[in-house]
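J.: heads up, no residue letters with this:
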(Lines give C-alpha, C1' and ligand atoms only; values in the text may rest on other atoms or scores of the structure.)
Protein backbone atom coordinates (compact mmCIF):
# COMPACT_ATOMS: atom_id res chain seq x y z
CA UNK A 1 0.00 0.00 0.00
CA UNK A 2 1.12 3.55 -0.72
CA UNK A 3 0.40 6.45 1.60
CA UNK A 4 0.63 10.17 0.78
CA UNK A 5 1.30 12.70 3.54
CA UNK A 6 1.56 16.48 2.91
CA UNK A 7 4.97 17.67 4.12
CA UNK A 8 6.50 21.03 5.08
CA UNK A 9 9.46 21.35 2.77
CA UNK A 10 11.96 18.72 1.74
CA UNK A 11 9.73 15.73 2.49
CA UNK A 12 10.89 12.40 3.85
CA UNK A 13 10.62 10.71 7.24
CA UNK A 14 12.30 13.55 9.14
CA UNK A 15 9.97 16.23 7.74
CA UNK A 16 6.73 17.39 9.42
CA UNK A 17 3.09 17.08 8.36
CA UNK A 18 2.00 20.28 6.56
CA UNK A 19 -1.22 21.86 7.88
CA UNK A 20 -2.97 22.65 4.58
CA UNK A 21 -3.35 19.52 2.46
CA UNK A 22 -3.65 21.06 -1.01
CA UNK A 23 -1.00 23.73 -0.51
CA UNK A 24 1.78 21.48 0.81
CA UNK A 25 5.09 22.06 -0.98
CA UNK A 26 5.78 18.31 -1.03
CA UNK A 27 4.10 15.00 -0.34
CA UNK A 28 5.97 12.13 1.20
CA UNK A 29 4.84 8.87 -0.41
CA UNK A 30 5.51 5.87 1.81
CA UNK A 31 5.06 2.31 0.60
CA UNK A 32 4.26 -0.18 3.35
CA UNK A 33 4.64 -3.93 2.83
CA UNK A 34 4.13 -6.42 5.67
CA UNK A 35 3.94 -3.54 8.16
CA UNK A 36 7.39 -2.29 7.16
CA UNK A 37 8.51 0.67 5.11
CA UNK A 38 9.56 -0.63 1.71
CA UNK A 39 10.08 2.65 -0.16
CA UNK A 40 9.94 6.40 0.40
CA UNK A 41 9.49 8.96 -2.35
CA UNK A 42 9.12 12.71 -2.16
CA UNK A 43 6.69 14.20 -4.65
CA UNK A 44 6.90 17.93 -5.31
CA UNK A 45 3.49 19.58 -5.44
CA UNK A 46 3.13 20.41 -9.14
CA UNK A 47 -0.66 20.38 -9.04
CA UNK A 48 -2.94 23.08 -10.37
CA UNK A 49 -2.58 24.84 -6.98
CA UNK A 50 1.00 25.61 -7.99
CA UNK A 51 0.42 26.39 -11.66
CA UNK A 52 0.54 22.81 -12.94
CA UNK A 53 -2.03 21.25 -15.20
CA UNK A 54 -3.10 18.24 -13.17
CA UNK A 55 -4.93 17.84 -9.88
CA UNK A 56 -3.54 16.25 -6.74
CA UNK A 57 -5.80 13.29 -7.46
CA UNK A 58 -4.05 12.82 -10.81
CA UNK A 59 -0.64 13.01 -9.13
CA UNK A 60 -1.64 10.44 -6.53
CA UNK A 61 -3.23 8.08 -9.07
CA UNK A 62 -0.05 8.21 -11.14
CA UNK A 63 1.91 7.11 -8.04
CA UNK A 64 -0.65 4.41 -7.08
CA UNK A 65 -1.47 6.06 -3.74
CA UNK A 66 -4.53 4.69 -1.96
CA UNK A 67 -4.25 6.22 1.51
CA UNK A 68 -4.02 9.87 2.60
CA UNK A 69 -2.88 10.93 6.07
CA UNK A 70 -3.35 14.61 6.91
CA UNK A 71 -3.83 17.08 9.73
CA UNK A 72 -6.19 19.43 7.90
CA UNK A 73 -8.40 18.96 4.85
CA UNK A 74 -11.27 21.02 3.51
CA UNK A 75 -14.68 19.45 2.85
CA UNK A 76 -14.38 19.73 -0.96
CA UNK A 77 -11.00 17.97 -1.03
CA UNK A 78 -12.24 15.36 1.42
CA UNK A 79 -15.28 14.56 -0.71
CA UNK A 80 -13.18 14.42 -3.88
CA UNK A 81 -10.73 11.99 -2.27
CA UNK A 82 -13.46 9.83 -0.76
CA UNK A 83 -15.42 9.66 -4.01
CA UNK A 84 -12.32 8.34 -5.77
CA UNK A 85 -11.80 5.60 -3.19
CA UNK A 86 -8.97 7.06 -1.12
CA UNK A 87 -8.86 5.98 2.51
CA UNK A 88 -8.24 9.04 4.74
CA UNK A 89 -6.65 9.09 8.19
CA UNK A 90 -5.99 11.98 10.55
CA UNK A 91 -2.85 12.93 12.42
CA UNK A 92 -1.43 15.79 14.37
CA UNK A 93 1.29 18.01 13.00
CA UNK A 94 4.27 15.79 13.77
CA UNK A 95 7.21 14.04 12.14
CA UNK A 96 6.41 11.70 9.30
CA UNK A 97 8.33 8.80 10.89
CA UNK A 98 6.07 9.07 13.96
CA UNK A 99 2.94 9.23 11.81
CA UNK A 100 3.94 6.10 9.88
CA UNK A 101 4.71 4.26 13.11
CA UNK A 102 1.25 5.12 14.46
CA UNK A 103 -0.38 4.08 11.16
CA UNK A 104 1.36 0.69 11.22
CA UNK A 105 0.26 0.17 14.85
CA UNK A 106 -3.34 1.08 13.94
CA UNK A 107 -3.33 4.16 16.16
CA UNK A 108 -4.62 6.74 13.63
CA UNK A 109 -8.26 7.73 13.38
CA UNK A 110 -10.01 7.04 10.08
CA UNK A 111 -12.39 9.50 8.44
CA UNK A 112 -16.02 8.85 9.27
CA UNK A 113 -19.20 10.41 7.94
CA UNK A 114 -19.52 12.36 11.18
CA UNK A 115 -16.41 14.41 10.41
CA UNK A 116 -16.45 17.26 7.93
CA UNK A 117 -12.70 17.88 7.88
CA UNK A 118 -9.41 16.97 9.43
CA UNK A 119 -8.88 19.16 12.43
CA UNK A 120 -6.30 17.39 14.57
CA UNK A 121 -3.72 20.07 15.19
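T.: All right, it came through fine. Predicted model, so just to flag it, every value in this text is computed and none were measured.
J.: Please enumerate the helices of the protein.
T.: Assigned by DSSP state H, the chain shows helices spanning 56-62, 75-83, 96-104.
J.: Distance to residue 16 and mean neighbour count for those - can I get that in JSON lines?
T.: Placement of C-beta: from N, CA and C, glycine included. Formatted as JSON lines, the helices of the chain follow (distance: least, Cβ to Cβ, whole Å; neighbours: other Cβ atoms under 10 Å):
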{"stretch": "helix 56-62", "distance to residue 16": "19", "mean neighbour count": "17"}
{"stretch": "helix 75-83", "distance to residue 16": "20", "mean neighbour count": "15"}
{"stretch": "helix 96-104", "distance to residue 16": "7", "mean neighbour count": "18"}
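J.: so which of these gets nearest residue 18?
T.: Closest approach to residue 18 among these (Cβ to Cβ): helix 96-104, 10.3 Å.
J.: before we move on, back to that, redo the helices of the chain as CSV? Include mean pLDDT.
T.: Below are the helices of the chain laid out as CSV (pLDDT from 0 to 100):
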stretch, mean pLDDT
helix 56-62, 89
helix 75-83, 85
helix 96-104, 97
